[in-house]
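Chemist: turn this into a structure:
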Amino acid sequence: MNKQFVHFRAVLYLVGAFGLFASAAFTELVVVIVGPPGSGKGTQTTMLRDKLDWLLISPSGILREEKLKNTDLGQIRTDYRYNQDIKDRMKLAALTDKMAQEPGMKPAKGFIVDSWPKSPNGIRFAMGSVFRERDILVVELTVDDNTLIARALKRKLCTKASCGLSYGEHYTEKDKGYCDFCQSPLWQRPKDNPTDFPNRIDKYRKNVEVMKRKYKDYGIDVQSIDGSRNKNEVHEDILKIVNKHAAGI
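Modeler: Sure, this is the predicted structure:
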């Protein structure tokens, strides 16, 4: 059987297999943290998870972890890395699967989603299914280009999607090569270099207003905060936004 056909069937199965959850009634709050690469999304989503005891989901991290494990799903991610539509469908499937949770698990109080959806189709996919009956809050971290580049060249990331810790210049754990929290290996993204990283920033800048307009189509105003400050200050501001939203203020 044609390899490409097999991959398309696998992706479509992943998305279709969880369709039954779309019609269920949910009231949980979902906080989506977006921002340019290096803006601190991994750090802030992890801090928010630890503070609120909510379920943290990184669709990109899940697929990246599968790639590092050389699984079939990881191979699909590699083969279709330039196809945004397929990538969004795979991320939707990963998100829906995690939100459904395992039988017998303690019900999530809320959800924190790291950096997805951002594309118009991704937003449309999520709002038409897994986000449809949930309360959605989107927070954008804004950081200037020079700070983003300086952070990216010094950071290493935990390879475990459910952990999500990011290690910067002020952490000593990165020199050990393993995450201090879960002991998984650390890695540095190949594109976190002086040549490629500015292109990643430019790509985000070109698409961010389109993302905001698409969320606005669904009645969602993206809340922006300064992510260049101390991580604890940023965390406190995110908490204020979450608490105000939850209180209906």
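
Chemist: hey, let's count contacts and neighbours off CA atoms from now on
Modeler: OK.

Chemist: I'd assumed Gln75 was in contact with Lys67.
Modeler: Yes - using C-alpha atoms under 8 Å, Lys67 is in contact with Gln75, at 6.2 Å.

Chemist: so Gln183, which of the three states?
Modeler: Per DSSP: H, G, I helix; E, B strand; the rest coil, the local secondary structure of Gln183 is coil.

Chemist: checking my notes, Tyr204 in a helix, right?
Modeler: Yes - with three-state DSSP as the criterion, Tyr204 is located in a helix.

Chemist: which residue is the nearest non-sequential neighbour of it?
Modeler: With C-alpha to C-alpha, 6 or more residues apart in numbering as the criterion, Tyr204 has its nearest non-adjacent residue at 5.8 Å, and that residue is Pro36.

Chemist: which residues does the one you found contact?
Modeler: Taking C-alpha atoms under 8 Å, 6 or more residues apart in numbering as the contact definition, Pro36 lies against 141-143, 148, 200-201, 204-205.

Chemist: can you classify it as helix, strand or coil?
Modeler: Reducing the assignment to helix, strand or coil with three-state DSSP, the entry for Pro36 is coil.

Chemist: just the pLDDT for it.
Modeler: The model reports Pro36 with a pLDDT of 96.

Chemist: for it, give me phi and psi.
Modeler: Note on Pro36: its backbone torsions stand at phi -70, psi 160 [degrees, to the nearest 10].

Chemist: for whichever strand or helix holds Leu73, give the mean pLDDT please.
Modeler: Counting by DSSP states H and E, the secondary-structure element that holds Leu73 is helix 72-79. The pLDDT scores in helix 72-79 average 73.

Chemist: just the strands in the chain please.
Modeler: In the chain, the segments counted as strands under DSSP state E are 29-34, 55-57, 111-114, 135-142, 156-158, 166-167, 186-187, 223-226.

Chemist: where among the ones you listed is average confidence lowest?
Modeler: strand 166-167 (a mean of 72).

Chemist: quick one: distance of that one to the chain centre.
Modeler: 15 Å (C-alpha atoms, centre = their mean, to the nearest Å).

Chemist: kindly reformat the strands of the chain as CSV containing distance to Leu48.
Modeler: Putting the strands of the chain into CSV (distance: least, C-alpha to C-alpha, whole Å) gives the following:
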stretch, distance to Leu48
strand 29-34, 10
strand 55-57, 9
strand 111-114, 8
strand 135-142, 12
strand 156-158, 17
strand 166-167, 14
strand 186-187, 21
strand 223-226, 15
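
Chemist: select, out of those strands, the one closest to His245.
Modeler: For these, the distance to His245 is smallest for strand 135-142, at 7.6 Å, taking C-alpha to C-alpha.

Chemist: distance of Gly227 from Pro37?
Modeler: To Pro37, Gly227 is 12 Å away according to C-alpha to C-alpha, to the nearest Å.
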